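**Q** Let's see this in three dimensions:
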Amino acid sequence: KAVEDDVGFDALNMEIKDHLRGWFAETAQALAEEEAVKRGCNAWSLYKLAVFLNKCGRNADALQLLGRCVQLWRKKYGEGPCSVLAYNRIAMIFDSIGNYVKAQQMHEKVLQIRL
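**A** Okay, the predicted model is just below:
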């Protein structure tokens, strides 16, 4: 009854979900980094983690991982479908945080690669 009268169950539930989501994101990032060191970097795993971090609102971490993905994919395949995927996600993140100039630059880069 005290919780319901004080903050409410919905607010408490949202707070708990946000806390767990943050913990999970931090744990997943630490494990991915550890695996990358042990086994050599796997760009697809980093990309999937970057997408997850982006969905959790951790855009700076996501951008950092996407930059690593681009480096790995460009080194292995050159500019191609994999790096286009990362550039497009980077553009989406920049757009979502209001950095429209960088978002447009990334979208233009994608279009140049696809031509």
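
**Q** Could you use CA atoms for every contact and neighbour count after this?
**A** OK.

**Q** all strands of the protein, in order?
**A** With strands called from DSSP state E, the chain shows none.

**Q** so where is it shaky, pLDDT-wise?
**A** 1-8, 25, 29, 31-41, 114-115 (pLDDT under 70).

**Q** Just the buried positions in stretch 108-115, please.
**A** Val110 (16 or more other CA atoms under 10 Å).

**Q** Could I get the contacting residues of the residue nearest to Cys69 when sequence neighbours are not counted?
**A** Residue nearest to Cys69 in three dimensions, not counting chain neighbours: Ala43, with 5.0 Å by CA to CA, 6 or more residues apart in numbering. Residues in contact with Ala43 (CA atoms under 8 Å, 6 or more residues apart in numbering) are Arg68, Cys69, Leu72, Trp73.

**Q** Between those residues, identify the one with the most neighbours.
**A** Cys69 (25 neighbours; other CA atoms under 10 Å).

**Q** Pull the contacting residues for that residue.
**A** If a contact means CA under 8 Å, 6+ apart, then Cys69 has Ala43, Trp44, Leu46, Tyr47, Ser83, Ala86 as its contacts.

**Q** For the residue nearest to Cys69, give its distance to Ile93.
**A** 18 Å (CA to CA, to the nearest Å).

**Q** Ok, Leu66 next?
**A** Computed as CA to CA, the Leu66 to Ile93 distance reads 11 Å.

**Q** Which of the contacts of Ala43 fall in helices?
**A** Using DSSP state H, the members of these that fall in helices are Arg68, Cys69, Leu72, Trp73.

**Q** which parts of stretch 63-81 are buried?
**A** Judged by neighbour count (16+ other CA under 10 Å), stretch 63-81 contains these buried residues: Leu63, Leu65, Leu66, Gly67, Arg68, Cys69, Val70, Leu72, Trp73, Glu79.
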